[in-house]
Every structure is written in structure tokens, then in C-alpha cells.
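model the following, please.
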Amino acid sequence: MEIKNFKDLSKKESRDILKIRNHYKIRKYMYNNKKISYKEHKKFLKSLKKSKDSYFIIKTEGKIAGSFNIKNGYLGLYKNPNLRGFGKIILKTAINLAKETGFKKVYLEVFRSNKKAISLYKKEGFRKIKKGWANGRRILVFEKIQ
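From the prediction side, this is the model:
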């Protein structure tokens with residue numbers, strides 16, 4: 001397994017993670033569920049150079065297994081829809097890196113319709129702390145104390 005910061009992605013990795021992010025199975029659970037152009041993606045990557053936000057890919061056997069980010073203790077993650085069995089690994093990696101960075105608590109926001117993610121978060125010790133709305137859809141907020 002290899003963890004790589006978005007700031008250090010090769011052109012191929014950049015295109016590969018954009019393809020995963022734009023996959024319909026992933027996009028439907030994102031706040032911005034519109035397809036992102038490569039030009040928009042490049043602009044986003046450039047903005048990360050000056051940002052404190054951390055975005056990472058996880059690679060296994062030369063393939064991107066997924067991505068995660070840490071923003072003010074909130075984790076965001078998605079896995080490659082063409083690979084199986086990496087959701088838990090990505091989540092645990094994100095939690096561990098957040099802990100190493102000094103976060104005592106981590107949070108996740110998830111659309112209520114994303115049953116697989118909710119099940120994973122509960123199995124990994126997250127507890128639901130709040131309900132809400134985002135983009136006209138119901139969300140749940142989960143917390144895990146480290």
C-alpha cells in the first residue's frame with residue numbers, strides 16, 4: 001500500500017483519480033455530484049498547493065484503491081468502484097493519519113441513502129451525533145473519539 005498526497009500526483013494518477021471521482025457510483029454521494037472537467041480538476045490541484053487541507057490517494061499494486069481527505073477533523077473518502085474490499089482500509093488509514101496530525105475526534109458526513117458507508121462507519125466505532133440537510137438531501141453526521 002502506498003499513500004500519496006494529491007500535491008505529488010503524476011499526470012496519470014491525476015487523470016485516474018478524476019475518473020474515479022466522476023464515476024456515477026461515486027458522484028451520486030458527493031455534495032457536488034456534477035462531472036468535473038480535467039481543467040477544473042487541475043485548478044483544484046493547483047489550489048491545494050496553498051491550502052492546509054490534505055487530500056491523499058491510496059494505491060495498491062499500481063492501482064488507485066481510493067481517496068481520502070482531512071479538513072478540520074472531518075474526513076471525506078471514496079473508493080475505486082472497480083475494486084472491492086478497500087473501504088475499511090481507506091477509512092482506517094484516514095483515521096490514523098488524522099490522529100497522527102493531532103485530531104482527538106474525527107467526523108464524517110454521509111448522505112442517509114449511502115447505506116454501505118453508514119454500515120462501515122458504525123462497524124468502525126463511529127456514532128451518529130446529528131441529522132441535517134445538504135443540497136436538498138438528508139445527511140447524517142458521525143463522530144469517533146480517538
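
mind listing the strands for this protein?
2-5, 54-60, 63-71, 74-79, 105-111, 127-134, 137-145 (DSSP state E).

which one of these lies closest to residue 24?
Closest approach to residue 24 among these (Cβ to Cβ): strand 74-79, 12.3 Å. In short, each C-beta sits where N, CA and C put it, glycine included.

that closest one to strand 137-145, inter-axis angle?
110 degrees (axes from the mean of the first three to the mean of the last three Cα atoms, to 10 degrees).

can you pull the buried residues of strand 74-79?
For strand 74-79, a neighbour-count test (16 or more other Cβ atoms under 10 Å) marks 75, 76, 77, 78, 79 as buried.

re earlier: possible to save the strands of the chain as a markdown table with mean pLDDT and distance to residue 34?
A markdown table is the format used below for the strands of the chain (pLDDT from 0 to 100; distance: least, Cβ to Cβ, whole Å):
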| stretch | mean pLDDT | distance to residue 34 |
| --- | --- | --- |
| strand 2-5 | 96 | 25 |
| strand 54-60 | 96 | 19 |
| strand 63-71 | 96 | 18 |
| strand 74-79 | 96 | 15 |
| strand 105-111 | 97 | 15 |
| strand 127-134 | 96 | 15 |
| strand 137-145 | 97 | 14 |
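
switch these over to CSV; also include distance to residue 25.
Below are the strands of the chain laid out as CSV (distance: least, Cβ to Cβ, whole Å):
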stretch, distance to residue 25
strand 2-5, 23
strand 54-60, 17
strand 63-71, 12
strand 74-79, 9
strand 105-111, 13
strand 127-134, 19
strand 137-145, 16
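
and of the ones you listed, who's closest to residue 27?
Closest approach to residue 27 among the strands of the chain (Cβ to Cβ): strand 74-79, 9.3 Å.

which strands or helices does that closest one pack on?
strand 63-71, helix 87-100, strand 105-111 (3 or more Cβ pairs under 8 Å, 6 or more residues apart in numbering; DSSP states H and E).

tell me the strands beside it, with direction?
Using DSSP bridges, the strands paired with strand 74-79 are strand 63-71 (antiparallel), strand 105-111 (parallel).
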